[in-house]
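[1] kindly generate the corresponding structure for this input.
(8 chains)
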Number of protein chains: 8
Amino acid sequence: MEQVREGSIDVDAALGRLRHMPFEDLGFAKVDHHRALRHGMPEVIFAMGKTPQQVVTIAGRLLENASNVLITRSDAATADYVTSRIQGGEYFPSSGAIRFWGDRTVKGKGTIAVVCAGTSDIPVAEEAQVTAEVMGNQVETIYDVGVAGIHRLMSNRERLTEARVIVVCAGMEGALPSVVGGLVSCPVIAVPTSVGYGASFHGLAALLGMLNSCASNVTVVNIDNGFGAGYVASLINRL
Amino acid sequence: MEQVREGSIDVDAALGRLRHMPFEDLGFAKVDHHRALRHGMPEVIFAMGKTPQQVVTIAGRLLENASNVLITRSDAATADYVTSRIQGGEYFPSSGAIRFWGDRTVKGKGTIAVVCAGTSDIPVAEEAQVTAEVMGNQVETIYDVGVAGIHRLMSNRERLTEARVIVVCAGMEGALPSVVGGLVSCPVIAVPTSVGYGASFHGLAALLGMLNSCASNVTVVNIDNGFGAGYVASLINRL
Amino acid sequence: MEQVREGSIDVDAALGRLRHMPFEDLGFAKVDHHRALRHGMPEVIFAMGKTPQQVVTIAGRLLENASNVLITRSDAATADYVTSRIQGGEYFPSSGAIRFWGDRTVKGKGTIAVVCAGTSDIPVAEEAQVTAEVMGNQVETIYDVGVAGIHRLMSNRERLTEARVIVVCAGMEGALPSVVGGLVSCPVIAVPTSVGYGASFHGLAALLGMLNSCASNVTVVNIDNGFGAGYVASLINRL
Amino acid sequence: MEQVREGSIDVDAALGRLRHMPFEDLGFAKVDHHRALRHGMPEVIFAMGKTPQQVVTIAGRLLENASNVLITRSDAATADYVTSRIQGGEYFPSSGAIRFWGDRTVKGKGTIAVVCAGTSDIPVAEEAQVTAEVMGNQVETIYDVGVAGIHRLMSNRERLTEARVIVVCAGMEGALPSVVGGLVSCPVIAVPTSVGYGASFHGLAALLGMLNSCASNVTVVNIDNGFGAGYVASLINRL
Amino acid sequence: MEQVREGSIDVDAALGRLRHMPFEDLGFAKVDHHRALRHGMPEVIFAMGKTPQQVVTIAGRLLENASNVLITRSDAATADYVTSRIQGGEYFPSSGAIRFWGDRTVKGKGTIAVVCAGTSDIPVAEEAQVTAEVMGNQVETIYDVGVAGIHRLMSNRERLTEARVIVVCAGMEGALPSVVGGLVSCPVIAVPTSVGYGASFHGLAALLGMLNSCASNVTVVNIDNGFGAGYVASLINRL
Amino acid sequence: MEQVREGSIDVDAALGRLRHMPFEDLGFAKVDHHRALRHGMPEVIFAMGKTPQQVVTIAGRLLENASNVLITRSDAATADYVTSRIQGGEYFPSSGAIRFWGDRTVKGKGTIAVVCAGTSDIPVAEEAQVTAEVMGNQVETIYDVGVAGIHRLMSNRERLTEARVIVVCAGMEGALPSVVGGLVSCPVIAVPTSVGYGASFHGLAALLGMLNSCASNVTVVNIDNGFGAGYVASLINRL
Amino acid sequence: MEQVREGSIDVDAALGRLRHMPFEDLGFAKVDHHRALRHGMPEVIFAMGKTPQQVVTIAGRLLENASNVLITRSDAATADYVTSRIQGGEYFPSSGAIRFWGDRTVKGKGTIAVVCAGTSDIPVAEEAQVTAEVMGNQVETIYDVGVAGIHRLMSNRERLTEARVIVVCAGMEGALPSVVGGLVSCPVIAVPTSVGYGASFHGLAALLGMLNSCASNVTVVNIDNGFGAGYVASLINRL
Amino acid sequence: MEQVREGSIDVDAALGRLRHMPFEDLGFAKVDHHRALRHGMPEVIFAMGKTPQQVVTIAGRLLENASNVLITRSDAATADYVTSRIQGGEYFPSSGAIRFWGDRTVKGKGTIAVVCAGTSDIPVAEEAQVTAEVMGNQVETIYDVGVAGIHRLMSNRERLTEARVIVVCAGMEGALPSVVGGLVSCPVIAVPTSVGYGASFHGLAALLGMLNSCASNVTVVNIDNGFGAGYVASLINRL
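    Predicted structure coming up:
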């Protein structure tokens, strides 16, 4: 039994020191330059729920320190506002991503495969792809290989096997990650999408399916969270 | 525009005649001998929620008119009570079915395949099998062919292709019906099972997955409803 | 106990062969001409979530090989775009279906009845009807026969009895399939619709009702999935 | 044990007679003039999900036989269309009701009180009021007497006590029917409304609250179903 | 605009007077003899969640003032304890009711029909029956008339038509109240039961079905709440 | 055992007195001037679901007796209508609050800290801030200190420790109240926000997280209910 | 705009200091003596999910430094084990609390009222009472005052008005906190209980009702969380 | 546009070859020796839902080819049966794991940290630990560091930073993965546990919280799925 007792004076001192950490307070946001240092990752702005002005202000600050900045879930108006005020942004209307990609050094050790079940899942897959690329990875995309036509998936089996980590996006019943997971031995990150209708309940069916996957190498992120999947895939691919 | 107006006297007369239909009133149950006539199907007793005495009374009445009677969801005590009082019953403890199978004429035109994803789904699959058999069908069972090891399913592809209708039982993510549905061109009846834990929510995940199947030839029955799947498969196989 | 052990070299070879299957890769979609061959069914495009351009491109490819093509869930803009670029399409605005119906050979052996509970359920019923027709079936429609006025249903009992398979669409409490199922001995495919308000929860009430039907000949498809019901009914009617 | 066995010939005859019941088939709707006869109630059209043309056609048919017709859930466009084509309609924009009230005979034996918890619940209460009035009842309305200011309710206690049946509409926590139910000895019909936000889940919180009411004289109808409450209150008030 | 302003002194006085109401405080319960006076109804004890001692104490107090007392949801142990300490109790093991029925005066003006869909729904129907009887009503029971065999219901149509108010208990899809509601013109109180499995979700499917009933004369009580249905039916039958 | 039996005459008298309580009946609303007296709190109007005219009428009445009036959830049109008709209103477009703040006496004994996890939560936090201020409190705001960058929160630890009560607004996983709760010893009022997407289910995830907080000093209000949190914080800060 | 940039070296140092905080590591638990210092509150052990041995070990450690220790949710076996090994424990079987109450100094400035709706809610109310008492408060209990008999509540209005903070426990529809909240001007902490059946869904109905309370002075804790309510009430009562 | 058209003869041949894959058919299970080859991972048996006999049979077959076999979710009876029939098994009663660990070669490149929020989460954490160890990893466990006492977590920050991948198990609000995720830059696998009560809904609250984590490096597995988390962590740690 380990004893870790110390005086409360130390504690207060330690907690006091915590105040002195490097971020920049914009009032409506605290821009965290330290995060990039700790994680070695590009900076990311989630645009949904922020005004165009807020997005531009944050992006401007970040670009002072970082060459790669990713803005996700940006609608057309915000994208117009951002790209007209800051040079060098690339807008992906289907996923709503804006990418500032100054440093294109490849940091990932292998290839990340981004797979999706149907044409309607492409926006989510694109968000994963854009994220993984801006974080320094080579990405292979394999689209429209849903499980009801299993030969379309099998036709891409070699590309799957060669990947170091795989992102699989699927709506409706969300079965694709289980099948992909069974074909490969690398980690599979499953992204349920809100594609579907009726009892898909905006992606709930796919989400539950993926959480209950009988393939042991599958983990799951939030519905439509292509960014998160691309981010974790990048972390894994650097290991 | 069709005109279907008639006097209300006729209506009352018509409704009055409806009283004279052939069933037998036991008080706690109305035994419907007419159903067998109309449907050309064996009689079925759903034992859950009935006392052993009620099950025996109903079964006794039915066996006076029918050579094949199926009792489903019978626990061991009820099964003991029934089989000790009525000769000829065969008890299947895993699914809880009791089968009186006097007339073994094959009425189905082809084979019904009963497929399940994992060993734990066998009780539900067994209920479908027992049902389809007592209704005059040849049944093929294909067990433990879940999608995470797709080659186990592929290894049985010929047997699937030869079936005239397929019942697929799966718990957890419930992905198997979609994959089977994509491999064959016959109707597939999907049975979500309550196998799983956590976010399977007692079969809800599998149910939602199957309802959202991207394979067009899939219809769905209630969670663990092997009987219903076997019954409809039998109806289709007689066509 | 069957032994199915073989070397892993064979396995890799077998999986390798799977790459060589007939589909056409458009990048955003993999058009599967093989599916029509295997299933003997017209080609279908689910328009929701696809751009008009994607729909036209896929439809164009399919029509090179198939005389009958069905596009479902098309909004007015997509329908305009499609019908102005490809000759011969028939648009059904209430259900959003576009039908190219070149080969009108009747392949179904009997009649498919499409029944709906209320006037508001007609769009879903229409999708089932259009699907079943383009797949070569004679279809009878019986509309507005909800269970609260049971005589309206009874008045159509003969037409129900004559059908070889029945599709029943109902929203709100979704009780109609149970009543229809009890009146006939053929398979009944129940389609819950999102018609209703409040505790209908966009079709959930009807869906749960149908899954719990006390009529044994009922299977269920997704909420508002008239297409799926019409498709499976067609498969059954060809048997 | 009662024996009710008769030949199946009788059954078929009886079912055959059921075809001859008095309704008028408009194709998209089966207009049921018999319902009014059986129930002694005005005719009602639920406009939601019907085209303005369908509503006018059905209303026209009904008004040939009935002096009182109620149309519920009509939007402004439908209301314009209907009232410009059929004379004598009174439109209630807050609830969307259109009332043709030719025969104003009072048939209810006492007063129906329609109570609501907050100003935002008035549209639902209005639907109940309009319904009860057109069905021949005297209606008292008591608005904005939610439970958080219990003295506002108490101030109206005499009017509550004098009612023969009470309709109580409430959103948010839906507690008002329980309190009203405890103050009176007559039947209380509770209508959960979709008023609220967040964890009200569009009326679910109020619905569950009312179903679990600790007052024994409370029954419940669907969320926002002012019509149903007014209808049943009218039935009770005629007894 | 009505003005109801008065000084706050009056308010405090009025609220102060509210303290002086007739109940008896047992510490763990406040026994409300006044309720019987106001409602003209027998006293009722909900046994679930109370100790046998608490039930006996409350029952003892109530029987000093009331000749009819109903205890609901009593398990066998509580029933033993109660009936061995207080004379005259009648125990109904299937529903768990204990009835002290001293005054058998009939107060209801007509007959209450208690209908149930299946044999497994009988316990809930029994609770409704026992309640309605102890409250002075003549009760007709019609059991096992579920909608999948509609002729069984039709055979009882006259008894339904003769009832002044009807209680309908059904589990699974809960469709029976809609069909009964369409056949009669009196109020129908629907009781969803927890009978079923899988997607019945312990009565949720039946509850939602009944709330969405297309029959206008249907109101709903909580799942398995036979008591509440019998209670309200009694209130209506006295009108 | 306390005996509180009195005659029913007293009861009726007491209940009768309850009618004479001070509110003003506008028909569509009962304006409760008494509430301000009892609670010592400014008057509040919840604008959602009320017409601009209703809001102006109620606000006008209230301002005759109260110097501070708060209107919440007002859209831009209502805000225009109100501020153009009544002088002195301050509109906060992000939260939709309109504040009439005549009496700026500080009544709270300490500081209320209003904390939010991300920039998108600011509208909810603003509602809490505006409420607490108009009720006479000094408010500190600490924004964008979500748990994934814990140093941003730690940097504000002193300000948290100095607060007498803390309001914490967070969407997505809603983890911030637990962490804040663990750092301080004062009451923490948690406000789940609807910020998020996918499996946040419009704030349900945050709500459930906060209800299950492992910090014992946390209580919860409705999703997005910044007003309620600011109100209760004010009550506590006056103690 | 505040600038808070500092070098990352400081950050690492600050985080490093955080390691030196006073707790005692038992392997399976980290006993936090510091918590009591910071919060000035008795130590609490949540027994559910811990072995009796673990509970005794932790309790033993805590009692070395604290005179008041509360164990919650202890089953009978754990209670036996604990009270036989550690002197001075008081067991409350209905709520499962074990209380070591050495220092009975009253620290709360006023009275805490603990109110519950029905007899079955007493276990939860008892947990709140035991908690508030061991934390140095005078507690008034008011039991069985549910809203369907509003005079029982009114009879206790003075005691409610005199409380400084009120805990209200209610199951079923959970309406009591709204009514209590409207009668008093102090903070009300609502505790939904799992008392009920059917559509109470184990306390969900009461929880949703309380979250949607129209009384502004109500906050909510988890279902059955009497401890949390008593704890926060104690914090408030010390202010 | 890539053209991948080939004749259907090739397709059938390719599919035919799929039959010849290496597994062993036990009837109730298809034992997949190939999986170990492909994944380079120990064999795993999920015992829940299998009979002890089935578990022993499968384990026996697997141990013929593999030195490391893991059985999860085994109850005490199954564990007795297995360990008495097969030598070398180590049983972990808290998680139900049985481990055959012949080959203890370390294959993971770094350390896997297994963290849990409370003592009650230890069984799930243990399953992750046992899994990761049998798959050749060095594992650090950090228990009872929930977010409400953030210094306990901070005290272990160095160990967290040194890990190559982290598994975080938490019930209740499930906030720990977000905080851990913000402190480290490696992948974090979050395991919601069913620890909690009331609105934790058997782990749903924790699951939703983790899916909505604002930390980008978090992915999620099923509720209580310690095995899955340990498995994926092992895959990542080998990269």
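[2] hey, let's count contacts and neighbours off CA atoms from now on
    OK.
[3] what's the neighbour count on the closest residue to residue A:163 other than its chain neighbours?
    The spatially closest residue to residue A:163, leaving aside those adjacent along the chain, is residue A:111, at 5.0 Å (Cα to Cα, 6 or more residues apart in numbering or on different chains). When neighbours are defined as other Cα atoms under 10 Å in any protein chain shown, residue A:111 has 21 of them.
[4] roughly how far apart are the residue lying closest to residue A:48 once chain neighbours are set aside and residue F:197?
    Leaving aside its sequence neighbours, residue A:48 sits nearest to residue A:73 (Cα to Cα, 6+ apart; 5.6 Å). From residue A:73 across to residue F:197, the span is 11 Å (Cα to Cα, to the nearest Å).
[5] which one's more surrounded, the two?
    residue A:73 (21 against 17).
[6] who are the contact partners of the more buried one?
    Each residue near residue A:73 by Cα atoms under 8 Å, 6 or more residues apart in numbering or on different chains is listed here: A:46, A:47, A:48, A:95, A:96, A:97.
[7] can you pull the pLDDT of the fourth one?
    The one in question is residue A:95. Note on residue A:95: pLDDT of 96.
[8] now do the first one
    Looking at residue A:46, its pLDDT reads 94.
[9] for the residue nearest to it when sequence neighbours are not counted, the count of nearby residues, please.
    Spatial nearest neighbour of residue A:46, chain neighbours left out: residue A:72 (5.1 Å); criterion: Cα to Cα, 6+ apart. Residue A:72 is flanked by 22 other residues according to other Cα under 10 Å.
[10] repeat for the one 5 residues further on
    Burial of residue A:77 is recorded as 9 neighbouring residues (other Cα under 10 Å).
[11] residue ranges for the strands of chain A, please.
    Along chain A, counting by DSSP state E, strands occupy A:3-4, A:23-25, A:30-31, A:43-46, A:68-72, A:89-92, A:97-101, A:111-116, A:138-142, A:165-170, A:188-192, A:218-220.
[12] who's residue A:111 bridged to?
    Note on residue A:111: beta-bridge partners residue A:138, judged by DSSP bridges.
[13] next, the contact list for it, please.
    Taking Cα under 8 Å, 6+ apart, one finds A:137, A:138, A:139, A:140, A:162, A:163, A:164, A:165, A:237 in contact with residue A:111.
[14] show the buried residues in those residues.
    The neighbour count (16 or more other Cα atoms under 10 Å in any protein chain shown) marks A:137, A:138, A:139, A:140, A:163, A:164, A:165, A:237 as buried among those.
[15] contacts only, for the nearest residue to residue A:29 once chain neighbours are set aside.
    Closest residue to residue A:29 apart from its sequence neighbours, by Cα to Cα, 6+ apart: residue F:144 at 5.3 Å. Contacts for residue F:144 were tallied using Cα under 8 Å, 6+ apart; they are A:28, A:29, A:30, F:115, F:116, F:117, F:118, F:119.
[16] separation between the closest residue to chain E within chain A and residue D:116?
    For chain A, the residue closest to chain E is residue A:199, as judged by Cα to the nearest Cα, at 13.0 Å. Per Cα to Cα, residue A:199 is found 34 Å from residue D:116.
[17] these two: which has the busier surroundings?
    residue D:116 (29 against 25).
[18] so stretch A:119-126, near chain C or not?
    Yes: using Cα under 8 Å from any Cα of the partner chain, stretch A:119-126 reaches chain C at A:119, A:120, A:122.
[19] re earlier: so of the strands of chain A, which one's packed in deepest?
    For the strands of chain A, the largest average neighbour count (mean count of other Cα atoms under 10 Å in any protein chain shown) is found in strand A:188-192, namely a mean of 33.
[20] quick one: work out the angle between that strand and strand A:111-116.
    When axes from the mean of the first three to the mean of the last three Cα atoms, to 10 degrees is applied, the directions of strand A:188-192 and strand A:111-116 differ by 30 degrees.
[21] which of the residues of stretch A:119-126 next to chain C count as buried?
    Applying 16+ other Cα under 10 Å to the residues of stretch A:119-126 next to chain C flags A:119, A:120, A:122 as buried.
[22] counting neighbours, what do you get for residue A:201?
    17.
[23] check residue A:123 too.
    22.
[24] so it sits against residue A:95, correct?
    Yes: counting by Cα atoms under 8 Å, residue A:123 does reach residue A:95; the two are 4.6 Å apart.
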